[in-house]
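>>> Sequence first, then the predicted structure, then my questions.
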Amino acid sequence: MKLLILDRDGVINHDSDAYIKSLDEWIPIPGAIEAIARLSKAGWTVAVATNQSGLARGYYDEATLQAMHTRLRELVAEQGGELGLIVHCPHGPDDDCSCRKPKPGMLEQIAAYYGVMLKGIWFVGDSSGDLSAARAVDCQPVLVKTGKGERTLAKPLPAGTLVFDDLAAVADQLLHL
């Protein structure tokens, strides 16, 4: 199985330090939806692992989050692709859960769902927490410069981190391996 795991905010859609709280605020990054669809059509399974502490903070509810994910799936389907499993951490940073990145719980959940080992699987994110979660389970950390990516790039990166301009560039690379 060819599996790619993505963070959501800052990788697939524009991020905001004020959180993405509504379907109207959920705006795809140019080229991201098409990238997911291209990968899907080429035989890749694309899954998503996303921290959503806005739930714990009361900024939006589970129905709003699901509406965003339904819209994401619809947009990918309109491009002829399919999006795989989407997992989210609803906890806040002080909840001491095992799923919130930089902990690898969501990545482990995706691996269990698909029955795969995570070693070498690309996990694409825009934050240090994403890269740390990837490293914790021997995924290949991949940083995109969208979202918080430029800020993250200014800090030390885990050894072996690959860096791309955006998700479209990641797809270009994977489709030409």
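In hand now; what should we look at? All of these numbers come straight from a predicted model, not from anything done at the bench.
>>> ok, longest strand in this protein?
Identified as the longest strand of the chain according to DSSP state E is strand 44-51.
>>> ok, it: who's next to it in the sheet?
strand 2-6 (parallel), strand 86-89 (parallel) (DSSP bridges).
>>> which outside residues touch the last one?
Looking back up the chat, that one is strand 86-89. Strand 86-89 is contacted from outside by 8, 47-53, 55, 65, 69, 72, 97, 99-101, 105-106, 109-110, using Cβ atoms under 8 Å, 6 or more residues apart in numbering. For the C-beta atoms, the positions are set from N, CA and C on the backbone; glycine is no exception.
>>> ok, now with 6 Å
Residues from elsewhere that reach strand 86-89 (Cβ atoms under 6 Å, 6 or more residues apart in numbering): Val48, Ala49, Thr50, Asn51, Gln52, His69, Cys99, Arg100, Met106, Gln109.
>>> how far away is the last one from Gln173?
Computed with Cβ to Cβ, to the nearest Å, the distance linking Gln109 and Gln173 is 26 Å.
>>> circling back: please save the CA atoms from the next helix-or-strand element following the longest strand of the chain in CSV.
Counting by DSSP states H and E, the element after strand 44-51 in chain order, helix or strand, is helix 62-78. What follows is helix 62-78, C-alpha atoms only, in CSV (Å, rounded to 0.1, in the frame of the first residue of the first chain):
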residue,chain,number,x,y,z
GLU,A,62,-18.0,18.2,16.2
ALA,A,63,-20.7,18.9,13.6
THR,A,64,-18.8,21.9,12.3
LEU,A,65,-15.6,19.9,12.1
GLN,A,66,-17.4,17.1,10.2
ALA,A,67,-18.8,19.6,7.8
MET,A,68,-15.3,20.8,7.0
HIS,A,69,-14.2,17.2,6.4
THR,A,70,-17.2,16.5,4.3
ARG,A,71,-16.4,19.5,2.2
LEU,A,72,-12.8,18.4,1.8
ARG,A,73,-14.0,14.9,0.7
GLU,A,74,-16.4,16.5,-1.8
LEU,A,75,-13.8,18.7,-3.3
VAL,A,76,-11.3,15.8,-3.7
ALA,A,77,-14.1,13.7,-5.3
GLU,A,78,-15.0,16.5,-7.7
